[in-house]
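Student: After the sequence you'll find the predicted model.
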Amino acid sequence: MMSLAEDEQAAQTAEIRLPADIDWQMLDKSRFFLLGAGLFSGVSATLYPIVVLKTRLQIASSPSSAVRTAAAILRVEGPLAFYRGFATSITGTIPARALYMTALEVTKSSVGAATLRLGMPEPAAATVANAAAGLSAAMAAQAIWTPIDVISQRLMVQGTAARYSGGVDAFRKILAADGVRGLYRGFGMSILTYAPSNAVWWASYSLSQRTIWSGIGFYLCRHEARAVTPDSKTVVAVQAVSAAVAGGVAALVTMPLDTIKTRMQVLDGEDGGAAEGRRKKGVATVAGTIRSLVREGGWAACYRGLGPRWASMSMSATTMITTYEFLKRLSAKDQPAA
């Protein structure tokens, strides 16, 4: 058993030397955006069926299990139904993601530097910078993403009785019926959903990483007496676990807001399709949408689709952050030799 003196010496000697973070100034921007478009398009394609399932559950007038709903879609509409609206979604995702990543990295660098200059401890400064970056990135991306979200969700839920022949047709009909305002239906709720969700996600991600590395550091202090540099697999594993935890927390916190947003974007302003026979006066308002949900299934109705959203956000967060960190390493400028 180690003595107190040996414990203190081990604590002073053992440490974890993590790879330096790659900030905005260190990135080759053209490589960053080009590779990012390809990598994140692949991630979106993999997770899109879960988003379709989540959306169908959120607009249902009565509760149903995710498995039963997925089986019904597959039986009645076929496997391609899980990719309705995907072309529209991916078209908007590329510029929205580029704007998101730019705002994220610029804000993180500037806020992180500012908080450190104010004398804030480094762990707290990193958490604040990550939260602020997530908030600003989500708000910037929604300018592009909300119209794409409205169109793709309408396509997701129209079932076999297709009202729209595709994304362009949906765009024209929504614009003709409601003008530009129709394309931005639920914009305020989107900001209220995604901005806090991203702030919670990035702050939770930062805290989760630090907690895990602290635990590993504590283990090293007890059992090792040397500095350790984790290999790339260990770093990726810690990032993936931290991202999954952050995704789960963000999904739980913001689920009611996401349900209200989806209802506002999909069920109002339709003359047929998924919303036929279910239009209610005032459903386009937040209060009206909440009243409609509560009438249908109580407050629990606000959490319809939580399972698929939890799974989607956790898996998306894990794949996104590992892809994102990999992308930053691929896009880093070659550093001059010392």
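Tutor: Now that the structure is in, tell me what you want to look at.
Student: ranges for the strands of the stretch 1-150 of the chain?
Tutor: 15-16 (DSSP state E, counting those that start in this stretch).
Student: Low-confidence ranges, it, go.
Tutor: Within the stretch 1-150 of the chain, the segments meeting pLDDT under 70 span 1-20.
Student: Not including adjacent chain positions, what is the nearest residue to Ile321?
Tutor: What sits nearest to Ile321 in space, not counting adjacent residues and going by C-beta to C-beta, 6 or more residues apart in numbering, is Ala243, at 3.9 Å. C-beta here means a position set from N, CA and C on the backbone, and glycine is covered the same way.
Student: do the same with Ile50
Tutor: Ser312 is the one closest to Ile50 (C-beta to C-beta, 6+ apart), at 4.2 Å.
Student: Where does the one you found sit, in terms of helix or strand?
Tutor: With secondary structure defined by DSSP states H and E, Ser312 is part of helix 306-331.
Student: Also Ser208?
Tutor: Assigned by DSSP H and E, Ser208 falls within helix 187-223.
Student: If I take that helix and helix 306-331, what angle do their directions form?
Tutor: 70 degrees (axes from the mean of the first three to the mean of the last three C-alpha atoms, to 10 degrees).
Student: from the chain's centre, how far out does helix 187-223 sit?
Tutor: 13 Å (C-alpha atoms, centre = their mean, to the nearest Å).
Student: going forward, begin numbering at 51 instead of 1
Tutor: Okay, using 51 as the starting number, the last item reads as helix 237-273.
Student: Could you pull out the buried residues of it?
Tutor: Across helix 237-273, burial judged by 16 or more other C-beta atoms under 10 Å covers 237, 239-260, 262-263, 267, 270-271.
Student: How about stretch 374-385?
Tutor: Within stretch 374-385, the residues that qualify as buried by neighbour count (16+ other C-beta under 10 Å) are 374-375, 377-378, 381.
Student: mean confidence for that stretch?
Tutor: Averaging pLDDT along stretch 374-385 gives 78.
Student: any idea how far it is from the chain center?
Tutor: Chain-centre distance of stretch 374-385: 21 Å, with C-alpha atoms, centre = their mean.
Student: who touches that stretch?
Tutor: With contact meaning C-beta atoms under 8 Å, 6 or more residues apart in numbering, stretch 374-385 is reached by 72, 76-79, 81-82, 85-86, 89, 151, 286, 289.
Student: ok, Lys104 - contacts?
Tutor: Applying C-beta under 8 Å, 6+ apart, we find Lys104 in contact with 355, 358-359, 362.
Student: And these, which is closest to Val102?
Tutor: Proximity of these to Val102 (C-beta to C-beta) peaks at Pro358, which lies at 9.1 Å.
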